[in-house]
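>>> Quick one: sequence plus predicted model below, questions after.
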Amino acid sequence: MQAPSVGGIMLPRGNGQTVRLSRGASLTDFAEKINANPASLVQVMLNLGEMVTATQSVSDETLQLLADEMNYVVEIVSPEEEDRELLESFDIDFGENEGGEEMLVARPPVVTVMGHVDHGKTRLLDAIRKTNVVAGEAGGITQHIGAYQVTTNVNDEDRAITFIDTPGHEAFTAMRARGAKSTDIAILVVAANDGVMPQTIEALNHAKAADVPIVVAVNKIDVEGADPTKVRGQLTEYGLVAEEYGGDTMFVDISARQGTNIEQLLEAVVLTADAALDLRANEQQDAQGIAIEAHLDRGRGAVATVLVQRGTLRVGETMVVGDAYGRVRAMLDDKGNNVEEAGPSTPVLVLGLTNVPGAGDNFLVVDEDRTARQIAEKRAARERNAAFAKRTRRVSLEDLDKVLKAGEVQQLNLIIKGDASGSVEALESSLLQLDVGEEVDIRVLHRGVGAVTESDINLASGSDAIVIGFNVRAEGRATQMAEREGVDVRYYSVIYQAIEEIEAALKGMLKPEYEEVELGTAEIREVFKSSKLGNIAGVLIRSGEVRRNTKARLIRDGKVVAENLTIEGLRRFKDDVTEIREGFEGGINLGNFNDIKVDDVIATYEMREKPRG
């Protein structure tokens, strides 16, 4: 039925009918659903005070406004439902369908370790897999998600347990929640000397929301002031009652540092899984699961750590992971060994994808490359539309009066580059959740994996954006270009420092006393071995000058591999010198640090006092 709408435009009027639209739909999409002319909907929006083109992706609020005006009910299809409908159109079933009961076999439990920062999560994981993770991490905080499998002996039977190594700081709420979705059991780590802290409660709430059983590891029982009984009492208030108090939660007192009771903790995980869960999966079907982490590797291309949840993944099969796809060229287990197949609850590193998927994207195996490409392209287009339509998250600042009165920029644009997709996503999510009022927008214009490039600087200079590099540096001429264009590029190796600094900048409280000034960069052309001094780098100074006793960092393929180094020795031919300038060659000794390779870049810098004002 045609009836006049706003401004006398002839339009179909809904009688409360429901129109289903995906996120980021355009007015053209709406018009197709109700058999209307898109141009007339543009006119309706103009009459409502909003200027929107017919093909532009619009926000959910805009679609709602238009629907209300025309007496329709808009139902925005959730991303999960959209994905299910997309897969159904290719006759693919993704989800819990495991086939008949006779097809199911037991699978190992998948475990996530959660808890307050500094309560010893990484050290516990370190004790479990007996390799040193902490040493290579800035601030001792886990920056990536990985996964690995261990075995323990329970009742004279070897049982495997898969660990998802989630980051530990509160900044990673998004990742932690995502980790819990792929998790069967959560280990909640609580320090016996600290007791329950805010992040402990946050982690507990995530585990409860994901409806996973919890095993409590009371850590640091060897530390002075440790009181495991107090921890049990505190957690009783949050519904975790220890078995010895008549509850059903297993508590294990451990010391990750000394390796005390680690086996008992693993046994508690297995017993909890047996008692509370029916962990079985079909090994025969096509593999499905979740991407735990992904990054760009210079030699291998896009690589992703995936957790197989059902079915068996084999080398040579075609898989789709989020908006990436490809034929599995090779698979590596958590020890770096090549494997031909991976069954349920097995984590593997997959090579052969077209691009880097996101942490938490689901994956599935399909029969044909063409099908994989079509699914990936449709997912990518859907994500793009949703991103265009997404309204920026507003953050308020209590003390922004001066900035607003001065008429300065009221939107902070950011470009985020990092070394892995999970970290980038967590950083973006945390920044958009900064909760400080309603006067300023935070907007992430672009995020990606890899070094800061010239195109990033171009985008930043054209949109007044700040570039954040997380565990990556600028490559090629991007640094000089940033200086020339006046683009502010900030580098971080610990995510919560980035968040605190951006928040402080928004609040007008950021008054750093010192700033880092780059002095010079040297490219390693040759590595000489000395019995007395270790490895010596034969270098060409590419920019500025390199001075003895200054701070340095080592950059490999655009990524920072070592921080806080010192130029301990500097030579020109056979002479010790205090500095070498641009264009000259020389030798650099980094003291005890010997992990240097040809083509690495040594970047030197000093901290200079920055005038306040």
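Received it, and whenever you're ready, just let me know what you need.
>>> going forward, measure contacts and count neighbours with C-alpha atoms only.
Noted.
>>> residues contacting residue 492?
Residue 492 is in contact with 468-471, 498, counting by Cα atoms under 8 Å, 6 or more residues apart in numbering.
>>> okay if I get these as a markdown table plus secondary structure and pLDDT?
Below are the contacts of residue 492 laid out as a markdown table (DSSP: H, G, I helix; E, B strand; the rest coil; pLDDT from 0 to 100):
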| residue | secondary structure | pLDDT |
| --- | --- | --- |
| 468 | strand | 92 |
| 469 | strand | 93 |
| 470 | strand | 92 |
| 471 | coil | 91 |
| 498 | helix | 86 |
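>>> from those, which would you call buried?
Buried by 16 or more other Cα atoms under 10 Å: 468-471, 498, out of those.
>>> Pull the most distant pair out of these.
471 and 498 (11.4 Å; Cα to Cα).
>>> pretty sure residue 373 contacts residue 325?
Yes. Counting by Cα atoms under 8 Å, residue 325 is a contact partner of residue 373 at 6.4 Å.
>>> Quickly find the element holding the residue lying closest to residue 294 once chain neighbours are set aside.
Using Cα to Cα, 6 or more residues apart in numbering and skipping the chain neighbours, the partner closest in space to residue 294 is residue 304 (4.1 Å). Here residue 304 sits within strand 301-310, counting by DSSP states H and E.
>>> next one: residue 126
Assigned by DSSP H and E, residue 126 falls in helix 121-129.
>>> List the buried residues for that helix?
The neighbour-count criterion (16+ other Cα under 10 Å) identifies 121-128 as the buried residues of helix 121-129.
>>> Also stretch 492-502?
Judged by neighbour count (16+ other Cα under 10 Å), stretch 492-502 contains these buried residues: 492-496, 498-499, 502.
>>> Can you pick out the most distant pair from those residues?
Going by Cα to Cα, the pair spanning the buried residues of stretch 492-502 furthest: 493 and 502, at 14.4 Å.
>>> Could I get the full set of strands for the stretch 151-300 of the chain?
Counting by DSSP state E, counting those that start in this stretch, the segments of the stretch 151-300 of the chain that form strands are 157-165, 185-191, 214-219, 251-253, 280-282, 288-297.
>>> if we look at the third one, which residues are touching it?
The contact list for strand 214-219, computed with Cα under 8 Å, 6+ apart, reads 119-120, 185-192, 207, 228, 231, 249-256, 265, 268-269, 272.
>>> ok, now the longest one?
Applying Cα under 8 Å, 6+ apart, the set of residues contacting strand 288-297 from outside is 94, 144-147, 164, 179, 182, 302-311, 321, 356-365, 419-422, 449-450.
>>> what's the spacing between it and its chain's center?
Counting by Cα atoms, centre = their mean, to the nearest Å, strand 288-297 is centred 11 Å from the centre of its parent chain.
>>> quick one: it to strand 157-165, angle?
Counting by axes from the mean of the first three to the mean of the last three Cα atoms, to 10 degrees, strand 288-297 lies at 50 degrees to strand 157-165.
>>> any idea of the mean pLDDT for strand 288-297?
On average, the pLDDT along strand 288-297 is 85.
>>> Likewise for the fourth one?
Mean per-residue pLDDT for strand 251-253: 95.
>>> same question, the first one
When pLDDT is averaged along strand 157-165, the result is 88.
>>> Please point out which parts of that strand sit buried.
Neighbour-count burial for strand 157-165 [16+ other Cα under 10 Å]: 159-165.
>>> ok, that strand: who's next to it in the sheet?
Paired neighbours of strand 157-165 in the sheet (DSSP bridges): strand 110-115 (parallel), strand 146-154 (antiparallel).
>>> ok, now the second one?
Strand 185-191 has the following sheet partners, assigned by DSSP bridges: strand 110-115 (parallel), strand 214-219 (parallel).
>>> Show which residues not belonging to that strand make contact with it.
Against strand 185-191 from outside (Cα under 8 Å, 6+ apart): 109-116, 119-121, 180, 196, 200, 203-204, 207, 212-221, 226, 231, 269, 273.
>>> other SSEs contacting the lengthiest strand in the chain?
In the chain, taking DSSP state E as the definition, the longest strand is strand 514-530. With contacts defined as 3 or more Cα pairs under 8 Å, 6 or more residues apart in numbering; DSSP states H and E, strand 514-530 has these neighbours: strand 534-547, strand 601-609.
>>> next SSE after the longest one?
For strand 534-547, the succeeding helix or strand toward the C-terminus, using DSSP H and E, is strand 551-556.
>>> Compute the inter-axis angle for that following strand and strand 514-530.
Taking the same axes, to 10 degrees, one finds strand 551-556 and strand 514-530 inclined to each other by 70 degrees.
>>> in its sheet, what does strand 551-556 sit against?
Using DSSP bridges, strand 551-556 pairs in its sheet with strand 559-566 (antiparallel), strand 601-609 (antiparallel).
>>> could I have the longest one exported to CSV, CA atoms only?
The reference is to strand 601-609. Extracted in CSV, the C-alpha atoms of strand 601-609 (Å, rounded to 0.1, in the frame of the first residue of the first chain):
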residue,chain,number,x,y,z
VAL,A,601,69.1,-2.3,12.6
ILE,A,602,70.6,-0.8,15.8
ALA,A,603,68.6,2.4,16.7
THR,A,604,70.3,4.6,19.3
TYR,A,605,68.5,7.2,21.4
GLU,A,606,68.8,9.3,24.6
MET,A,607,66.2,10.6,27.0
ARG,A,608,66.2,14.4,27.1
GLU,A,609,64.3,16.6,29.6
